[in-house]
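>>> Fold the following, please.
(2 chains)
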Amino acid sequence: MRRALRGLKALAALIAGQAIVLFARLITAPRAVWRGTDPVPRQRIYFANHTSNGDFVLAWAVLPPALRERTRPVAASDYWLKSRLRAFAGRDVFRAVLIDRNPETRDEDPVEKMVAALNDGASLILFPEGGRNMGPDPLLPFKTGLYHVARRCPEVDLVPTWIENLNAILPKGEVIPLPLLCTVTFGTPVHIEAGEAKADFLTRARAALLELKPEHAP
Amino acid sequence: MSAPVEFLRLVIGLILALSVASVAGEMLRRRFGPDGTNSTIENLNGRITSWWAMLVLLTLASLFGRGGMIVLFALLSFAALREFLTLTSKSRADHCALLGSFFVVLPLQYWLVYRGWYGLYEIFIPVYAFLFMPILVALRGDTTRFLARVAETQWALMVAVFAASHVPALLTLDIPGWDGPQILLIMWLVIVVQGADVAQYAWSAVGGHHPVAARLSQSKTWEGVAGAVASAAALGGLLAWLTPFGLWQAAAMAGSVTVMGLFGGLVMTAIKRDKGVEDWGHLAAGHGGFTDRLDSVIFAAPVFFHLVRYFWAVT
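The predicted model follows:
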């Protein structure tokens, strides 16, 4: 009985995943631009700008299905565990690596959780700004998580991933998305250099991501 | 809808013409740029592909009569509006107004066209959307670049919805002594405008010296425009049997829609330059978006519609 339920849940997650990808594609007609790399099955951390809750759905949806299957978003547990539906979406559909952003309440180190997921063979989608960017700056300073994970797994490709226009499609607090066009641009992978200082690496990674921003963006 | 002889003859003729064009395009590619390196040939082949798409879509939609045509153009408007609004200035405060553009204004405009409610569909967007959308935006209280935001949204609606809806509006015209079907007017318009685009390009390439707007486009010249108007007039005249127009009338109509189409294309290029993009969208890699393919038809449609309505139709 338990097993049947679990199978049913997995099936529901699979269908929900396909439906969400289809919906995202209909709404945003997203285009993947593989500018600095190709969609090949290497282990990767896609690090992206974060302006909307739809961000990782989009980055996830434009990946070819074979890569998507192995790619897990890193997301905040305070958001994704708030209700049962969200928990189902976060845990079962996206198989998100859920991390607790609050150092006081957490019992697990986020870096350890991400490294564990990488050791399992997964690729990750990570938003190194640490939260949604609501301000006029195109990109906030990075939190240090990306550095620590890169240090632990230096062979993993760090792919800068610029998500364009999603902020206008689903601004914070709105429910119905606008059907505008989106692009997701994948840049040249970054790797941490031996002995590279934390601040230097984060600046370099941030510059690599910012370079992908289209000029016309308001 | 019954399939009158003219319509069948036209569709078969177009299939033959496009087949020849496809084969010729493929041969040119093999000869001059086998790896897609010759951008002129790639552009030509892209156009031929989009003509096939237009022919298939128009023919399929015509099977469903006026409703089919309305749905087809509503979807094309939706695609064009999405491409346009992707590039315009907007802020979070515009969300409701923008949703309204897509999901209220656009369907209503096409419903009014479907009903043939001329008095309302001619003013619905220019007057009522124009008055009410900025109210929705103002209620949210964000005044940064307010005028630019509401004006650009209105422009998007005018071009992508209002002007474009005049193509299927041709189906609502009642022309005494001519039993159509009216879809032939649409086919004639699309063929003439698309043909004029290519003729302009060819005439400019052969003998173009004086650019119409040098900073905008080097490939559009006064010689090209003159050649295109003459070629389109000839083409329109040759196809006069599709329309209620006499030979010279058809030639004159073709000339006027050509002028509108070519200069409309120029306006759309100016907007793209302003927004710093090469193409409106990414319908297929390298071939731009829906708006890139339809810009000249969009600009020509209202003028063509009003000329036909004023001089030929029962009003």
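
>>> And the helices in chain A?
For chain A, applying DSSP state H gives helices covering A:2-28, A:55-62, A:65-69, A:77-80, A:84-87, A:110-119, A:145-152, A:166-169, A:198-210.

>>> ok, now which ones touch residue 175?
You didn't pick a chain, so chain A it is. Not one residue lies near A:Val175 by Cβ atoms under 8 Å, 6 or more residues apart in numbering or on different chains. Where C-beta positions appear, they are placed from N, C-alpha and C, glycine not excepted.

>>> not quite, I wanted chain B
B:Gln182, B:Pro244, B:Val308, B:Trp312, B:Ala313, B:Val314.

>>> Report the closest residue of the stretch 101-250 of chain B relative to chain A.
Nearest residue of the stretch 101-250 of chain B to chain A, counting by Cβ to the nearest Cβ: B:Phe102, 5.9 Å away.

>>> Now that residue. Nearest residue, chain neighbours left out?
Residue nearest to B:Phe102 in three dimensions, not counting chain neighbours: A:Pro179, with 5.9 Å by Cβ to Cβ, 6 or more residues apart in numbering or on different chains.

>>> Could you check how many residues crowd around that neighbour?
20 (other Cβ atoms under 10 Å in any protein chain shown).

>>> Could you double-check that it lies in contact with A:Ile27?
Yes: assessed by Cβ atoms under 8 Å, A:Pro179 is found in contact with A:Ile27 at 5.2 Å.

>>> Overlap of the contact sets of the two?
In contact with both A:Pro179 and A:Ile27: A:Ile169, using Cβ under 8 Å, 6+ apart.

>>> quick revisit: relative to chain B, which of the helices of chain A is closest?
helix A:166-169 (5.8 Å).

>>> Would you mind listing the buried residues in stretch B:103-112?
Within stretch B:103-112, the residues that count as buried by 16 or more other Cβ atoms under 10 Å in any protein chain shown are B:Val105, B:Leu106, B:Leu108, B:Gln109, B:Tyr110, B:Leu112.

>>> Can you read off the pLDDT for the fourth one?
What that stands for is B:Gln109. With respect to pLDDT, B:Gln109 scores 97.

>>> Over to the second one?
The model reports B:Leu106 with a pLDDT of 97.

>>> and it, what does it touch?
B:Ala74, B:Ser77, B:Phe78, B:Leu81, B:Val161.

>>> The stretch 201-315 of chain B against chain A: which residues are in contact?
The stretch 201-315 of chain B comes close to chain A at residues B:Lys275, B:Gly276, B:Val277, B:Gly281, B:His282, as judged by Cβ under 8 Å from any Cβ of the partner chain.

>>> Which residue comes closest to the last one once chain neighbours are left out?
With sequence-adjacent residues excluded and distances taken as Cβ to Cβ, 6+ apart, B:His282 is closest to A:Arg31, at 4.8 Å.

>>> Quick check: of the residues of the stretch 201-315 of chain B next to chain A, which lies closest to chain A?
Nearest to chain A out of those is B:Gly276 (Cβ to the nearest Cβ; 3.8 Å).

>>> Look up how far A:Lys82 lies from the closest one.
40 Å (Cβ to Cβ, to the nearest Å).

>>> Could you tell me the per-residue confidence at B:Tyr201?
On the pLDDT scale, B:Tyr201 is placed at 88.

>>> Same check on B:Gly286?
In this prediction B:Gly286 is given a pLDDT of 57.

>>> same check, this time on B:Ala196
For B:Ala196, pLDDT reads 94.

>>> Work out for me the element it sits within.
Using DSSP states H and E, B:Ala196 falls within helix B:183-207.

>>> need the longest strand for the chain.
Assuming you mean chain A. Of all segments of type strand in chain A, defined using DSSP state E, the longest is strand A:157-164.

>>> Can you look at chain B instead?
strand B:217-221.
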